[in-house]
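Engineer: need a structure here:
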Amino acid sequence: MGTKIFVNLPVKDLDKSKEFFSKLGFAFNAQFTNENAACMVISEDNYAMLLVESFFKTFTKKEIVNAKKSTEVLVALSSESKEEVDKMLRNALAAGAKEANEPQDHGFMYGRSFEDLDGHIWEIFWMDPKAIKPS
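Structural biologist: This is a model prediction of the structure:
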């Protein structure tokens, strides 16, 4: 198995969070979903673990950041096109999100961002593949 990423996010209401992200087109892996956690599939190697706050606290001795007041992380997801970026933002707003910032258009890169129900910021962006230089 190659390296995968699991971003763990605390949520206040797991059912509402699952409903919200389902409206954005995300699916959940039932094998790793229960009353304390939901494994949201972003892509084949990328997942967001939505954890009920009380369960999240079992993984850390630190206080949970109130994401509606402070930012600890920005979750950025690439998209296939500018139109897909706008579509994701429209769906997020319709599902109860708040737009986090003004659209960013740098020509070769375009992005929008929203706060989910718990205040976590999700950045959705498109980058022109021609603008990426080989390493």
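Engineer: Need the phi and psi values for the closest residue to residue 19 other than its chain neighbours.
Structural biologist: Nearest non-adjacent residue to residue 19, counting by C-beta to C-beta, 6 or more residues apart in numbering: residue 95, 7.8 Å away. C-beta coordinates here come from the backbone N, C-alpha and C atoms, glycine included. Main-chain torsions, residue 95, degrees, to the nearest 10: phi -90, psi 0.
Engineer: Which stretches in the protein count as helices?
Structural biologist: Along the chain, counting by DSSP state H, helices occupy 14-23, 53-56, 82-94.
Engineer: With mean neighbour count and mean pLDDT added, can I get these in JSON lines?
Structural biologist: Below are these laid out as JSON lines (neighbours: other C-beta atoms under 10 Å; pLDDT from 0 to 100):
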{"stretch": "helix 14-23", "mean neighbour count": "17", "mean pLDDT": "98"}
{"stretch": "helix 53-56", "mean neighbour count": "15", "mean pLDDT": "97"}
{"stretch": "helix 82-94", "mean neighbour count": "16", "mean pLDDT": "98"}
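Engineer: Just send these back as CSV, with distance to residue 71 too.
Structural biologist: Compiled in CSV, those are given as follows (distance: least, C-beta to C-beta, whole Å):
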stretch, distance to residue 71
helix 14-23, 18
helix 53-56, 17
helix 82-94, 17
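Engineer: Out of those, flag the one nearest residue 37.
Structural biologist: Nearest to residue 37, of all those, is helix 53-56, at 6.2 Å by C-beta to C-beta.
Engineer: which residues touch the closest one?
Structural biologist: Here helix 53-56 makes contact (C-beta atoms under 8 Å, 6 or more residues apart in numbering) with 8, 9, 10, 11, 12, 36, 37, 64.
Engineer: chain center to that helix, what's the gap?
Structural biologist: Computed by C-alpha atoms, centre = their mean, to the nearest Å, the separation of helix 53-56 from the middle of its chain amounts to 18 Å.
Engineer: cool, and stretch 87-96?
Structural biologist: On C-alpha atoms, centre = their mean, the centre of stretch 87-96 falls 12 Å from that of its chain.
Engineer: Could you do stretch 54-62 as well?
Structural biologist: 20 Å.
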